[in-house]
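# need the 3D shape of this:
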Amino acid sequence: MRKTSLPPRLARFGRDEDGYITTEAMIVLPVLLWLLGAVWVWFDVSREQSIDQKVNYTIGDMISRETDPIDDAYIDNTYRLALEMIGKPASKVDLRITVVQFLSNRNGGNARYEVVWSEARGAFQPLSGTIDPEVMPLPLMARNDEVILVQTWSDHEPVFKAGLSPFDIRTYSFTRPRFAPQILFEGADGTSGSNQNNGWGNGDQDAPGNSLCNNNAENYDEGQSSQSCQDNVDGGANVEPGNSGGA
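Residues are numbered from 1 along each chain as shown. Okay, here's the model as predicted:
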């Protein structure tokens, strides 16, 4: 007796090429639509992540070029700029800007990252004290160097739940000051900030490495009215890279 691998009816079904396009479309179309929606959702996440990161880099680069002290109005306007570029309301976007300084003894001991000043807009609080580099990655820095740490958060709600639930898009970057060793904040030390020295004569780029107290900066007379300048004739107390400011 000859045996076949498949029953005759099943064998004929396997060779049959007839079909109905309407029935096949009803089966395949929902799958195609779901795949299209999933691809669009994931692409939209990538697009928003790219936009948020570019906004972050823009803010860091903008602040890194400042030579005069910045204030609350500057931070407020920076936050408005972030909202405009991201394209979301304030209830969905948070911003935090922090200046961090690397401190250590002359022999490299007691190394730590200290928050010089921090400002936040939105739900998150400003940072303070010492930052753990294991929790918040920071670059290797020279003694007394500073970096500008910019963080943003924006709420993302996928149009379709294609494997994604609502979540925060987070961005993070650090930038070294470009034209001055320090980025001062108005009132960060309980003072007005106008007489503080950022290492460039507080805005005069013709006086690198000197202080507002003992150079020919354009606002030299402003510095002379400060008691700190009168008590710092030799510039020994200047807080500048390479000088611990008496610490």
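# going forward, measure contacts between C-alpha atoms and count neighbours the same way
Fine.
# helices or strands next to whichever helix in the chain runs longest in the packing?
The longest helix of the chain (DSSP state H) is helix 21-64. Applying 3 or more C-alpha pairs under 8 Å, 6 or more residues apart in numbering; DSSP states H and E, one finds that helix 21-64 contacts helix 72-86, strand 146-156, strand 167-175.
# just the ones you listed: most buried one?
strand 146-156 (a mean of 22; mean count of other C-alpha atoms under 10 Å).
# pull up the pairing partners for that strand, direction included.
Applying DSSP bridges, strand 146-156 is found paired with strand 93-103 (antiparallel), strand 167-175 (antiparallel).
# out of the ones you listed, flag the one nearest Q53.
Counting by C-alpha to C-alpha, Q53 lies closest to strand 167-175 out of the strands paired with strand 146-156; the figure is 5.6 Å.
# which stretches of this protein have low pLDDT?
Along the chain, the parts satisfying pLDDT under 70 run over 1-6, 19, 187-247.
# okay, now the domains of it?
Here the domain parsing of the chain from automatic domain parsing is 32-175, 194-242.
# quick one: closest of the helices and strands packed on helix 21-64 to L184.
Among these, strand 146-156 comes nearest to L184, with 10.8 Å by C-alpha to C-alpha.
# that closest one: how far from the chain's middle?
Between the centre of strand 146-156 and the centre of its chain there are 3 Å (C-alpha atoms, centre = their mean, to the nearest Å).
# any idea of the angle that strand forms with helix 72-86?
Counting by axes from the mean of the first three to the mean of the last three C-alpha atoms, to 10 degrees, strand 146-156 lies at 50 degrees to helix 72-86.
# using PDB, write out every CA atom in strand 146-156.
Provided in PDB are the C-alpha atoms of strand 146-156 (Å, rounded to 0.1, in the frame of the first residue of the first chain):
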ATOM      1  CA  GLU A 146      33.900  74.900  37.200                       C
ATOM      2  CA  VAL A 147      31.300  73.500  34.800                       C
ATOM      3  CA  ILE A 148      27.700  74.400  33.900                       C
ATOM      4  CA  LEU A 149      25.300  71.500  34.400                       C
ATOM      5  CA  VAL A 150      22.000  71.800  32.500                       C
ATOM      6  CA  GLN A 151      19.100  69.400  33.100                       C
ATOM      7  CA  THR A 152      15.700  69.300  31.400                       C
ATOM      8  CA  TRP A 153      12.600  67.200  31.800                       C
ATOM      9  CA  SER A 154       9.600  67.200  29.600                       C
ATOM     10  CA  ASP A 155       6.500  65.100  29.800                       C
ATOM     11  CA  HIS A 156       5.800  62.800  26.900                       C
END
